[in-house]
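**Q** sequence unknown, structure follows:
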């Protein structure tokens, strides 16, 4: 009968295609690509805080990696390696098999080697570190926007938040595409290809995970400029057609869990941005512009009134 | 009044001396050193599994980083960057101040930049990822030993295990240096300098964290050779003078938490190994030799009898 370590090894030992040494030693050995800088992001997901007990393990495996790849996408970096540290309350082979299947399927899509990790007993939590590479000087930082840049958004926001509300039963919805909203919540697709296409082209970028207005606020803060977003330009998901305007606006502007890219670029790069998006197969929308002045975000309705949501974490950017 | 994120930022924002972009963005940006490979290790420490509730936070901060630096030392890599993800049940400013002081003091000793991390709510757990660099071809892997190599050990083993037994009150000891044993348990000093001095010189290395015999077993397994250790050559800590032979042998061979380096080197490199150890200011002892044959470890007493401990995790190497 295999030990628990054998089980874990069995579920998490995919072939490493571009790693000098993966697993079985004190550390993994990676060979960096000359002329590139290394982008690293780490995230911890805790049961009860980031996901509900009983979450489908295959979807959880996907999302655990996806949220980290989204961070690399926002840097314009090519994801190369992942490390997975897990605390597990018990060894549940069916759970491990499903979790690893979800994690490794997404890793394969983006040619990411699972190069190492750690497994221990404890309350369920998952810590992923992803490592990517980007050409020196081409990284998409949050602090590169200047006044007069266009502000762009990939895809659309709000679906995941409505999906979570529907899942939790905190609200009843008519006329939403619940399957699509659940999919956006549980199976986010990190915008890796778009990030790569924008590297060296966009002036700044951030991934939208806390809510569009809050994340634009982070970018504005780091770039020391203001951002004006025009509500009527924001992409409105047809999946939310049945949601009343107030709730829809809250989901779109402050819902979170979207894993889209918000980015800025010079107006002289408009055609190049659109070409990059076509190359990546992702829709992008020009939603506003950066403005000189104190850092902050204004979401303006058609009459020019500020409808920016005021909520936790966002106050000091308002 | 500062928010909890301000508090965390305050305690974990030391100056980064060699990081292109540390913190405040979607990912950190690191510039790798040309001609080097990158060594990465990740570890998760969970309260109740790896450390006792109520553990002194300053010592915990030190140890959390130390155990990871020990992994890089065992690869012969120079530690450069660390990432710290934490789940915290609450924001306790005094705890955070002490934990970060212990973590950052050790980081400063080894010139490690804390380049990023994540903080969330949850049962107390700490996930550290460390990144180091080693000249291409000079890394100390577990699989490089060949028959006829010397087997060496830095420092001595067993003190931490006796320290833990004393701390837990599971055994009463006369004539031990309890302060020294506690120090070894709670403030391990990773053998970073020794690892660097051995890079390109030793044929294989491992850090001793699970217990000397078990870790030599891992090395033997990966190198596909046997290892004979001579009990009478093993360094005997004077701090354990009062411990009976049986218990002392168990602590020395299977105690764990030692964070010494066990390594192999050609007999032609004996003088060079001793010179490297002098350079690093660490004692090393030649404790045995590798032998041709199936992977396994034998600890031989003066009469040549095998006194290898049989315990968890070690069976399949015996």
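**A** It's in. Note that the structure is a prediction, hence the values are computed from the model and not measured. Numbering: from 1, shown residues only, chains lettered A, B, ... in the order given.
**Q** from here on, contacts and neighbour counts on C-alpha atoms
**A** Fine.
**Q** In terms of pLDDT, where does residue A:115 sit?
**A** Per-residue confidence (pLDDT) for residue A:115: 95.
**Q** I should have written residue A:302 there, sorry.
**A** 89.
**Q** helix, strand or coil for it?
**A** Three-state assignment for residue A:302 (DSSP: H, G, I helix; E, B strand; the rest coil): coil.
**Q** Can you tell me the closest non-neighbouring residue to it?
**A** The shortest distance from residue A:302 to any non-neighbouring residue, by CA to CA, 6 or more residues apart in numbering or on different chains, is to residue A:232 (6.7 Å).
**Q** repeat for residue A:305
**A** Spatial nearest neighbour of residue A:305, excluding adjacent residues (CA to CA, 6+ apart): residue A:299 at 8.0 Å.
**Q** follow-up on the earlier one: how far away is the residue nearest to residue A:302 from residue A:291?
**A** Distance of residue A:232 to residue A:291, given as CA to CA, to the nearest Å: 19 Å.
**Q** now residue A:55
**A** Counting by CA to CA - residue A:55 and residue A:291 are separated by 42 Å.
**Q** any idea whether whichever residue of the stretch 201-318 of chain A sits closest to chain B is helix, strand or coil?
**A** Using CA to the nearest CA, the single residue of the stretch 201-318 of chain A nearest to chain B is residue A:206, 6.6 Å away. Assigned with three-state DSSP, residue A:206 falls in the strand class.
**Q** just checking, it touches residue A:219?
**A** Yes - contact criterion CA atoms under 8 Å: residue A:206 and residue A:219 qualify, at 6.8 Å.
**Q** what residues do the two have in common as contacts?
**A** residue A:142 (CA atoms under 8 Å, 6 or more residues apart in numbering or on different chains).
**Q** For the stretch 51-200 of chain A, what lies in contact range of chain B?
**A** Residues of the stretch 51-200 of chain A lying close to chain B by CA under 8 Å from any CA of the partner chain are A:71-72, A:74-75, A:83-87, A:116-123, A:127, A:129, A:141-142.
**Q** quick revisit: does the residue nearest to residue A:302 really touch residue A:301, like I thought?
**A** Yes - judged on CA under 8 Å, residue A:232 makes contact with residue A:301 at a distance of 6.7 Å.
**Q** between the two, which one's more packed in?
**A** Between residue A:232 and residue A:301, counted using other CA atoms under 10 Å in any protein chain shown, residue A:301 has the larger neighbour count: 15 against 12.
**Q** Need phi/psi at the nearest residue to that one once chain neighbours are set aside.
**A** Using CA to CA, 6+ apart and skipping the chain neighbours, the partner closest in space to residue A:301 is residue A:231 (5.2 Å). Main-chain torsions, residue A:231, degrees, to the nearest 10: phi -50, psi -40.
**Q** Which stretches in chain A count as strands?
**A** A:28-30, A:36-46, A:78-88, A:113-121, A:125-135, A:150-154, A:204-208, A:226-230, A:260-265, A:284-291, A:296-300 (DSSP state E).
**Q** now the angle from the fifth one to strand A:113-121?
**A** Put plainly, it is strand A:125-135. Strand A:125-135 and strand A:113-121 are oriented at 160 degrees to each other (axes from the mean of the first three to the mean of the last three CA atoms, to 10 degrees).
**Q** Can you list the helices and strands that strand A:125-135 packs against?
**A** Contacts defined by 3 or more CA pairs under 8 Å, 6 or more residues apart in numbering or on different chains; DSSP states H and E place strand A:125-135 against strand A:36-46, helix A:57-74, strand A:78-88.
**Q** what do you get for the shortest one?
**A** Using 3+ CA pairs under 8 Å, 6+ apart as the contact definition, the elements that strand A:28-30 packs against are strand B:36-46.
**Q** Just the residues contacting the strand it packs on, thanks.
**A** Under the contact criterion CA under 8 Å, 6+ apart, strand B:36-46 has outside partners A:26-32, A:83-87, A:116-122, B:32, B:51, B:64, B:68, B:71-72, B:75, B:77, B:124-136.
**Q** Kindly reformat the helices and strands packed on strand A:125-135 as a markdown table and extend each row with mean neighbour count.
**A** Compiled in a markdown table, the helices and strands packed on strand A:125-135 are given as follows (neighbours: other CA atoms under 10 Å in any protein chain shown):
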| stretch | mean neighbour count |
| --- | --- |
| strand A:36-46 | 25 |
| helix A:57-74 | 26 |
| strand A:78-88 | 23 |
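**Q** Reformat those as TSV; add distance to residue B:152 and mean pLDDT.
**A** Output for these, formatted as TSV (distance: least, CA to CA, whole Å; pLDDT from 0 to 100):
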stretch	distance to residue B:152	mean pLDDT
strand A:36-46	35	96
helix A:57-74	40	97
strand A:78-88	30	96
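**Q** Chain B contacts on the stretch 201-318 of chain A?
**A** A:206, A:207.
**Q** quick one: low-confidence parts of the stretch 201-318 of chain A?
**A** Along the stretch 201-318 of chain A, segments meeting pLDDT under 70 span A:310-318.
**Q** try 90 this time
**A** Applying pLDDT under 90 to the stretch 201-318 of chain A flags residues A:241-242, A:244-246, A:302-318.
**Q** Quick one: the helices in it, in order.
**A** According to DSSP state H, counting those that start in this stretch, the stretch 201-318 of chain A carries its helices in the segments A:212-223, A:245-254, A:270-280.
**Q** Looking at these, which one is packed in the most?
**A** Highest mean neighbour count of those: helix A:212-223, a mean of 25 (counted as mean count of other CA atoms under 10 Å in any protein chain shown).
**Q** residues in contact with stretch A:12-26?
**A** Residues contacting stretch A:12-26 (CA under 8 Å, 6+ apart): A:28-31, A:100, A:104, A:113-117, B:41, B:71-72, B:74-75, B:141-142, B:206-207.
**Q** Start and end of it, how far apart?
**A** Start-to-end, stretch A:12-26 (CA to CA) is 17 Å.
**Q** in that stretch, what's buried?
**A** A:12, A:13, A:14, A:16, A:19, A:21, A:22, A:23, A:24, A:25, A:26 (16 or more other CA atoms under 10 Å in any protein chain shown).
**Q** quick one: which of those residues is nearest to chain B?
**A** Closest approach between the buried residues of stretch A:12-26 and chain B, by CA to the nearest CA: residue A:26, at 5.0 Å.
**Q** Let me see the domain layout of chain A.
**A** Per the record, chain A has its domains at A:4-135, A:150-305, by automatic domain parsing.
**Q** quick revisit: more neighbours: which of residue A:55 and residue A:291?
**A** Neighbours were counted for residue A:55 and for residue A:291 using other CA under 10 Å; residue A:291 has more, 21 against 11.
**Q** tell me the contacts of that one?
**A** A:146, A:147, A:148, A:149, A:225, A:226, A:227, A:228.
**Q** My guess is the second one contacts residue A:292. True?
**A** I take that to be residue A:147. Yes - under the criterion of CA under 8 Å, residue A:147 is in contact with residue A:292, at a separation of 5.1 Å.
**Q** any shared contact partners between those two?
**A** Both residue A:147 and residue A:292 are contacted by A:225, A:226, under the criterion CA under 8 Å, 6+ apart.
**Q** neighbour-wise, which of these two wins?
**A** More neighbours surround residue A:147 than the other of residue A:147 and residue A:292, with 17 against 12 (other CA under 10 Å).
**Q** Need phi/psi at that one.
**A** When quoted as degrees, to the nearest 10, the phi and psi of residue A:147 stand at phi -60, psi 140.
**Q** List the residues that contact it.
**A** A:225, A:226, A:289, A:290, A:291, A:292.
**Q** what does residue A:253 give?
**A** By CA under 8 Å, 6+ apart, the contact set of residue A:253 is A:157, A:158, A:211, A:212, A:213, A:308, A:309.
**Q** Flag every buried residue along stretch A:98-111.
**A** Neighbour count says stretch A:98-111 has A:98, A:99, A:100, A:101, A:102, A:103, A:104, A:106, A:107, A:110, A:111 buried, by 16+ other CA under 10 Å.
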